[in-house]
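S.K.: Predicted coordinates and the sequence they were generated for:
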Amino acid sequence: MSGYILCKAPMAATPYYIQSIGTNIYSIEELCYYLHRNLYLVDNSLMNAGLCRWIGQELGMKELNRKLLALLEHGAVPLEDFVCEILRSINYLPQEELRTYRNKISALEKQSPPVREKLKGDCLMENRKYVNAIRVYRTVLEQVAQRQSSPRFSGSIYHNLGCAYSRLFQKEEALACFEKAYDCLHTRDALKHYLLAYSNAKTPIEYESRIAQMKVDEQTRKEIQDAISEFYNSSDIYVQEHSVEELLDQMTKEYHRNTGV
């Protein structure tokens, strides 16, 4: 998490570790901020006695600790009940926003496991936790293989997985993912992402050979080259190797805006 959070409640001497984003939390405000801003990372693993003890012992919030433990003792308590109890403890959200947040968690819980996991991976990407995102996306792909999900959904996962590998400079792994994404989607955007990754991972000669082999039309070739040139020319600093990965990141955001995936 980034930025500053004004904390009015006591700070913990021993933090609570949020494994999914590798972050230590020292206050109830930070916990509420995490829950509010990382909706898709909130799952049933959060409902555990360890978190309740930390709230009671480290933060001195005995009443909240008691309420949360009581919820756990009831067994199959809805996730939204547990989370909203924490948010209500310091009136972190206005009532209307809290109601909206609760409805979002409830709706998310009704989604299939692959959809929930993909959203979790996307959230990890936004938090720049690329290794964790890769692990989640790989899990989703295993679930997708068993459920025979739609090619569009599989393609979107491979696309995002390719982006994660790109951010870690694992070019060959990224290229393999973008190729699979194109095989699933067969769209111009998927083709451009694949060829851009190809140009980044291979030599210019290999790139030209692949362009010819795929019989890529001149318009698509020009769009790829223009995208690369425009990105390079827009920067006043020396273009380093990772610039192509940054361009892929920009194109990915445009992809999501256009497809809603």
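M.R.: Good, I have the coordinates. Worth saying up front: this structure is predicted, and the values here are computed from it rather than measured.

S.K.: Specify the local secondary structure of the closest residue to residue 39 other than its chain neighbours.
M.R.: Leaving aside its sequence neighbours, residue 39 sits nearest to residue 104 (C-beta to C-beta, 6 or more residues apart in numbering; 6.0 Å). Glycine gets a C-beta too; all of them are placed from N, C-alpha and C. At residue 104 the chain is in helix, as set by DSSP: H, G, I helix; E, B strand; the rest coil.

S.K.: for the one 4 residues further on, same thing?
M.R.: When the structure is split into helix, strand and coil by three-state DSSP, residue 108 lands in helix.

S.K.: Hmm, it is touching residue 116, no?
M.R.: Yes: in terms of C-beta atoms under 8 Å, residue 108 counts as a neighbour of residue 116; the distance is 6.3 Å.

S.K.: Point out where the stretch 1-150 of the chain drops to low pLDDT.
M.R.: Where the stretch 1-150 of the chain drops to pLDDT under 70, the residues are 1-9.

S.K.: Would you state the strands of it in chain order?
M.R.: Taking DSSP state E, counting those that start in this stretch as the test, the strands found in the stretch 1-150 of the chain are 16-18, 23-25.

S.K.: Mind putting these into a markdown table with mean neighbour count?
M.R.: Output for the strands of the stretch 1-150 of the chain, formatted as a markdown table (neighbours: other C-beta atoms under 10 Å):
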| stretch | mean neighbour count |
| --- | --- |
| strand 16-18 | 17 |
| strand 23-25 | 16 |
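
S.K.: now those strands in a markdown table, with distance to residue 84?
M.R.: Converted to a markdown table, these look like this (distance: least, C-beta to C-beta, whole Å):
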| stretch | distance to residue 84 |
| --- | --- |
| strand 16-18 | 18 |
| strand 23-25 | 18 |
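
S.K.: ok, now how distant is the residue nearest to residue 39 from residue 111?
M.R.: Noted for residue 104: a distance of 11 Å to residue 111, by C-beta to C-beta, to the nearest Å.

S.K.: same thing with residue 135?
M.R.: Noted for residue 135: a distance of 20 Å to residue 111, by C-beta to C-beta.

S.K.: Same check on residue 21?
M.R.: Applying C-beta to C-beta, the value for residue 21 to residue 111 is 21 Å.

S.K.: Which of the two has more residues huddled nearby?
M.R.: residue 21 (17 against 12; other C-beta atoms under 10 Å).

S.K.: show me the contacts for the more buried one.
M.R.: 1, 34, 38, 41, 124, 127, 129, 132 (C-beta atoms under 8 Å, 6 or more residues apart in numbering).

S.K.: Can you select the buried ones from the residues you listed in PyMOL?
M.R.: To isolate the buried members of those in PyMOL, using 16 or more other C-beta atoms under 10 Å:
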select buried, resi 34+38+41+124+127+129+132
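
S.K.: check contacts around the residue nearest to residue 38 when sequence neighbours are not counted.
M.R.: Using C-beta to C-beta, 6+ apart and skipping the chain neighbours, the partner closest in space to residue 38 is residue 123 (5.8 Å). By C-beta under 8 Å, 6+ apart, the residues touching residue 123 are 38-41.

S.K.: Please repeat the previous calculation with a cut-off of 10 Å.
M.R.: Taking C-beta atoms under 10 Å, 6 or more residues apart in numbering, we find residue 123 in contact with 20-21, 37-42, 129, 132-133, 136.

S.K.: Average pLDDT for stretch 209-224, rounded please.
M.R.: Average pLDDT, stretch 209-224: 90.

S.K.: now what about that stretch, what contacts it?
M.R.: Residues from elsewhere that reach stretch 209-224 (C-beta under 10 Å, 6+ apart): 182, 188, 191-196, 198-199, 202-203, 207-208, 251.

S.K.: now for those, which pair is the farthest apart?
M.R.: With C-beta to C-beta as the measure, no two of the contacts of stretch 209-224 lie farther apart than 188 and 203, at 24.5 Å.

S.K.: Comparing the two, which shows the higher neighbour count?
M.R.: residue 188 (13 against 9).

S.K.: Setting the sequence-adjacent residues aside, check what's closest to that one.
M.R.: Using C-beta to C-beta, 6+ apart, the closest residue to residue 188 is residue 220 (6.5 Å).
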